[in-house]
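Asker: Quick one: sequence plus predicted model below, questions after.
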Amino acid sequence: MSFLRHEAILETNQQAYSQQQLLQWSRVQPTKRTRTRITDGCVLIGTSRGQIVASNSLDLDQAEMVGLFISPAFQGQGLGRRMVGEIERLAIQFGMTQLRVEAASPAIGFYRHCDYLTRPGATTVKDPRTKLDSLSMLRSFPQRQTRYGSRIRNLLNRSGIPQDYGRRHRLRLQLEARELATIGTDNQAREQMLDPKSAMAWYEMRNAAQVDGVTLLIASAYRSVGYQLSIIQRKRLTGQTTNEILRVSAAPGFSEHHTGHAIDICSPDSTPLKECFENTLAFEWLTESARDYGFRLSYPRNNRHAIAYEPWHWYHHTSKASVQR
Ligand SMILES: [Zn+2]
């Protein structure tokens, strides 16, 4: 990818900058921010015949689109606009309705074409990293939200949860399951449901654990957006602040439990939904074997979502490839 960047910088901007300026720009090294964007799954690449010909990425911390490069041979074919559109779609998944870009001078016209406007009060300044002229531009796209996204935005608004919750916690909107299958009752005798495929995987995993002498119980599985909201409202009534609540409960619309793929597991020898679950045989068994059934721990210690450590919360990835050791 660094080759693409180098080539695109040097060949695309010859008329605007001197060779020396372009070399300086192309030598700016990837930073910690670049690595963070990769971990966030926010770097997109376009390929042709196995070669990388386009890249673009989303920086969640800065709510910014960065690193749009198109291989010179592929320019002028609409690929740039497509790469911008894809990053905007990704931003929408994180509940965002606007995006900023620091446009190098030769790219300003292109971004205008993509409906980016000069940020109010912004003027052309030297970019501190590349030392080249750039202009801060912005596009708002509230009308591109999905119906679900708009519903969640309204709901966050009404419940006093910040609108940029998804971006700040690096959490994408989670759709509610369309189909559910029962997985029996939880530790309080309430019926619990999962997506049919995840339900099958749960049965398989639970039975395998049983064979090894380990009992896995259900604390919670599918939860609708409305139910997640009621959990937060209930916690508010006990005097907890929004920040305290959001550290342990995902905001409505962003909980993996909506999808029917997440399950909170407990065991007969520990209090459900407490960190001490990590000291149980059940947790040890899950750590060793859950991935064989497609389940993965979503919120390990010090996770990047700023959500408390949840040894009980396991997510079923339907594609096995994503959980290989
Ligand atoms: Zn959970």
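Answerer: Received, thanks.
Asker: Would you map the helices across the stretch 201-325 of the chain?
Answerer: 225-237, 242-248, 281-289 (DSSP state H, counting those that start in this stretch).
Asker: Mind listing residues that contact stretch 186-206?
Answerer: 177, 179-185, 216-222, 259-261, 263, 266, 272, 289-290, 292-295, 316, 318 (Cβ atoms under 8 Å, 6 or more residues apart in numbering). C-betas here are computed from N, CA, C, even on glycine.
Asker: sorry, back to before: and among the helices of the stretch 201-325 of the chain, the most buried is which?
Answerer: helix 281-289 (a mean of 17; mean count of other Cβ atoms under 10 Å).
Asker: Identify the residues contacting that one?
Answerer: Here helix 281-289 has contacts from 205, 208-209, 212, 214-216, 265-267, 269-270, 277, 295, 297, 311, 314, using Cβ under 8 Å, 6+ apart.
Asker: and the residues you listed, which are buried?
Answerer: Buried residues within those, counting neighbours by 16 or more other Cβ atoms under 10 Å: 205, 208-209, 214, 216, 265-267, 270, 277, 295, 297, 311, 314.
Asker: Need the residues you listed in TSV (columns: distance to Ser230).
Answerer: Formatted as TSV, those follow (distance: Cβ to Cβ, whole Å):
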residue	distance to Ser230
Met205	29
Ala208	34
Ala209	31
Val214	32
Leu216	26
Ile265	22
Cys266	21
Ser267	26
Ser270	25
Phe277	24
Phe295	26
Leu297	26
Pro311	25
Trp314	23
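Asker: Select, from those, the two members most distant in space.
Answerer: Checked with Cβ to Cβ, these reach their widest spread between Ala208 and Ser270, with 20.1 Å between them.
Asker: Low-confidence regions, this structure specifically.
Answerer: 1, 320-325 (pLDDT under 70).
Asker: tell me the domain ranges of it?
Answerer: According to automatic domain parsing, the chain comprises the domains 2-145, 162-323.
Asker: What is the end-to-end distance of the first one?
Answerer: Domain 2-145 stretches 33 Å from its first residue to its last (Cα to Cα, to the nearest Å).
Asker: among the contacts of helix 281-289, which are within reach of the ion?
Answerer: Applying Cβ under 5 Å from the ion, the subset of those adjacent to the ion is empty.
Asker: Return the subset of the residues you listed lying in strands.
Answerer: Using DSSP state E, the subset of these located in strands is 265-266, 295, 297, 314.
Asker: Identify, from these, the entry nearest to the ion.
Answerer: Trp314 (8.2 Å; Cβ to the ion).
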